[in-house]
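>>> Need a 3D model of the sequence below.
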Amino acid sequence: KRDALPMIENSLARIDDLPVVDHSRRTGWNGASFVLPGKTIGDRAYSLVYADVNTNGRVEEIGNLEGWKTGLKNPCSVSSILTFAIAAAFAAPLMAFSGMSEGVIFLLVGASGTGKTTACRAAMSVYGATDIDLIPTFDLTDRALEEICVAFNDTLLVLDEVGRAGTNRRARETALGKIAYAVPSGVGRKRAAMVQDQGLHDCVWRTLVLGSSEDSFYNGERADERKTGEKVRLVEIAVPSADDGGIFYAPKLGPSQRVARGRAMSAAVEETIRAHHGCTIAPFVEGLLHDHARLPRRIGAMIDEFKKSVSATGDTSFEARLAAKFGLICAGGRLAARFNLAPFTEKRCERACRRLFRRAVTALAPKPPLNERAFAKALLEAAKDERRVPRVEEGRSVPPMEPEPWGIRRIIDRVETIAIRRENLGRITGQKISEVFLGKLSKIGGLMPAKDGKYSRQIKVTGWQGSSRPRFYCFKADAIRKLAES
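The predicted structure is shown next:
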């Protein structure tokens, strides 16, 4: 004991000489340093660390940069969506210098098997591991959403499975509407001082989100109710069908060639991000730090340049606000290419961002008046997808799916029928279907009305949430095919 006391006293006398290490609850910029889980880059590399020790592989570094670039070069050369997704990963750290007052959620929308999740995971590979079980879903409480935004501050947050945001379509639309404002706003709910003393602090963040969904948030009968603010904060990017190649869309190839190339490119992406990931973000941030003081002017100029290239000048119009969001992605990809860190060139990134911007604007433009032939074609296209319109014969249950199917195919009154649930009819074309239009379809024999004269009829089908006898619009398959070919 006599020997230990002097040792303790000596250690205490030197305590002021020990380095002080601060802990941060947020990732991202802290002055001229950038905090990541497990690593800080910049002048506070040894004096500032991320507070959460459970990094879950987010900054795992496997393989090497050249292997990552080489493996993704060809897939990016034929996929605007893949190029855009990877550019988004580089764009997230630029938000702090963009002058924007709000963030954005980009939602890749398309059927299962089109490569949406592959593109999202390729974007994740910029930072670290890409395992599917590392991707949070949209099924989050308000507080959990705030905390995860803080944890991904100034980095890319990938969210999956929009279908889990609510138990039915209306609940999902309500939840996504809230998320569309909450996440880009960058500010969580204010809490009382007593609650903050218990560890529930107010949350502030800058987060860029990339997500995926099988269903459009803006399709359906309530599409016209979406506010401009929602549309510029939650931006949908349509993904072509699997038959068209999905994210590797190739209109000049034949159907079988498109599918074959899509599968080959997807396999190349999977192999690359499994063997090489997490090698890119550190050199990218180091490149930004070399010109840290000039970043606001530099990023602002690149965004303005993109807006000019798509003829969306100004600051307040809808298209200008939307163009600024795409311009930020373009700036991230261009800088990565300029630092020789991207699997694409600056020009390739610019073309991809312009193409997807125009696609997003077109999708939000007012739809032309609906005609019977266009509806018939859209209905037959939807009926091809077993996840949207599965075959469910009488006495069988709807297979468990997330999200729920739009309808079913079965024999009704000895007629091959495509039956679409009443609340899902607008999803077929993305437009509201009026009673007058349904009346026209009924007169020409395409729609089977109920005995009570209504255009929808009840069908007993078990497995639906909320009802075992929901109402359906029942379309005669043969009549719809003839109408589509007319």
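>>> Enumerate every residue touching the residue nearest the centre of the chain.
Centroid-nearest residue in the chain: Gly211, 1.8 Å away (criterion: Cα atoms, centre = their mean). Contacts for Gly211 were tallied using Cβ atoms under 8 Å, 6 or more residues apart in numbering; they are 105-108, 120, 138, 158-160, 162. The way it works is simple: take the backbone N, C-alpha and C, and place the C-beta from them, glycine included.
>>> Arg297: which of these is nearest?
Ranked by distance to Arg297 (Cβ to Cβ), the contacts of Gly211 are led by Phe106 at 25.4 Å.
>>> can you confirm that closest one is in a helix?
No - judged by DSSP: H, G, I helix; E, B strand; the rest coil, Phe106 forms no part of a helix; its state is strand.
>>> Count the neighbours of it for me.
For Phe106, the neighbour count with other Cβ atoms under 10 Å is 22.
>>> Does it touch Ala88 like I think?
Yes - counting by Cβ atoms under 8 Å, Phe106 does reach Ala88; the two are 6.6 Å apart.
>>> ok, back up a step: for the residue nearest to the centre of the chain, give the beta-bridge partners.
Listed beta-bridge partners, Gly211: Leu107, Leu159 (assigned using DSSP bridges).
>>> give me every residue that touches Arg233.
Arg233 neighbours (Cβ under 8 Å, 6+ apart): 102-105, 180-181, 183-184.
>>> switch the cut-off to 6 Å
Counting by Cβ atoms under 6 Å, 6 or more residues apart in numbering, Arg233 makes contact with 180, 184.
>>> quick one: the strands in the protein?
In the chain, strands defined by DSSP state E lie at 22-24, 28-30, 33-36, 39-42, 48-50, 104-109, 156-159, 208-213, 234-238, 407-412, 415-421, 457-458, 471-476, listed in chain order.
>>> So for Phe106 and Ala88, which residues contact both of them?
Contacts common to Phe106 and Ala88, judged by Cβ under 6 Å, 6+ apart, are Leu210.
>>> follow-up on the earlier one: measure the residue nearest to the centre of the chain to Leu253 for me?
Applying Cβ to Cβ, to the nearest Å, the value for Gly211 to Leu253 is 29 Å.
>>> One more: Pro390?
Taking Cβ to Cβ, one finds Pro390 at 29 Å from Leu253.
>>> nearest spatial neighbour of Trp464, skipping sequence neighbours?
In this structure, Trp464 finds its nearest non-sequential neighbour in Pro470, 5.4 Å apart by Cβ to Cβ, 6 or more residues apart in numbering.
>>> Let me see the contact set for Val204.
Val187.
>>> Look up how far Gly186 lies from it.
Taking Cβ to Cβ, one finds Val204 at 6 Å from Gly186.
>>> hang on, Tyr127 packs against Thr280?
No - with contacts counted by Cβ atoms under 6 Å, Tyr127 stays clear of Thr280, the gap being 8.0 Å.
>>> Tell me how many other residues crowd the residue nearest to Gly63 when sequence neighbours are not counted.
The spatially closest residue to Gly63, leaving aside those adjacent along the chain, is His276, at 3.2 Å (Cβ to Cβ, 6+ apart). Neighbours of His276 under the rule other Cβ under 10 Å: 22.
>>> Excluding chain neighbours, what is closest to Asp385?
Among residues not flanking Asp385 along the chain, Ala111 sits closest, at 5.6 Å (Cβ to Cβ, 6+ apart).
>>> Ile281: what's it in contact with?
126-127.
>>> What does the pLDDT read for it?
Note for Ile281: predicted pLDDT of 95.
>>> Return the distance of it relative to Pro296.
Going from Ile281 to Pro296 by Cβ to Cβ gives 21 Å.
>>> Arg351 now?
Taking Cβ to Cβ, one finds Arg351 at 26 Å from Pro296.
>>> Same question for Glu394.
When distance is defined by Cβ to Cβ, Glu394 is 65 Å away from Pro296.
>>> Ok, Gly439 next?
58 Å.
>>> Ok, Ala119 next?
Ala119 sits at a distance of 29 Å from Pro296 (criterion: Cβ to Cβ).
>>> of these two, who's got more company?
Each of Ala119 and Pro296 has its neighbours counted (other Cβ under 10 Å); Ala119 has more, 28 against 14.
>>> Just give the nearest non-adjacent residue to the more buried one, would you?
With Cβ to Cβ, 6+ apart as the criterion, Ala119 has its nearest non-adjacent residue at 4.1 Å, and that residue is Ala85.
>>> likewise Cys120?
Val158 (4.8 Å).
>>> now swap in His23 and tell me
Here the residue nearest His23, using Cβ to Cβ, 6+ apart, is Ala51, at 4.2 Å.
>>> any idea how far Arg26 is from that neighbour?
Distance from Ala51 to Arg26, by Cβ to Cβ: 9 Å.
>>> and these two? which has more neighbours close in?
Taking other Cβ under 10 Å, Ala51 and Arg26 do not tie; Arg26 has more neighbours (19 against 12).
>>> Asn153 is in contact with that one, correct?
Yes - with contact defined as Cβ under 6 Å, Arg26 reaches Asn153; the gap is 4.4 Å.
>>> Quick check: which ranges of the stretch 51-200 of the chain have low pLDDT?
By pLDDT under 70, the weakly predicted segments of the stretch 51-200 of the chain are 52-59, 162-170, 188-200.
>>> hmm, 80 instead?
Residues of the stretch 51-200 of the chain meeting the criterion pLDDT under 80: 51-59, 137-140, 161-177, 187-200.
>>> try the stretch 201-350 of the chain
In the stretch 201-350 of the chain, residues with pLDDT under 80: 201-202, 215-230, 243, 251, 255, 313-316.
>>> rerun that using 50 as the cut-off
Applying pLDDT under 50 to the stretch 201-350 of the chain flags the ranges 220-221.
>>> For the stretch 151-300 of the chain, which segments count as helices?
169-185, 193-197, 228-233, 255-275, 281-289, 295-309 (DSSP state H, counting those that start in this stretch).
>>> right, and those - which one's nearest Arg44?
Nearest to Arg44 among those is helix 281-289; the distance by Cβ to Cβ comes to 11.5 Å.
>>> how much space between the nearest residue to Pro343 once chain neighbours are set aside and Arg348?
With Cβ to Cβ, 6+ apart as the criterion, Pro343 has its nearest non-adjacent residue at 3.7 Å, and that residue is Leu72. For Leu72, the distance to Arg348 (Cβ to Cβ) stands at 12 Å.
>>> More neighbours: which of these two?
Shown here are Leu72 and Arg348; by other Cβ under 10 Å, Leu72 has more neighbours (25 against 20).
>>> Can you give me the separation between the more buried one and Arg274?
12 Å.
>>> now Val361
When distance is defined by Cβ to Cβ, Val361 is 36 Å away from Arg274.
>>> do Leu289 as well
Leu289 is 30 Å from Arg274, by Cβ to Cβ.
>>> Outside of stretch 469-481 itself, list whatever touches it.
Contacts for stretch 469-481 (Cβ under 6 Å, 6+ apart): 376, 379, 412, 415-422, 425, 445-448, 456, 458-460, 464.
>>> OK, contacts around Phe306?
Counting by Cβ under 6 Å, 6+ apart, Phe306 touches 327, 330.
>>> I am finished for the moment; much appreciated.
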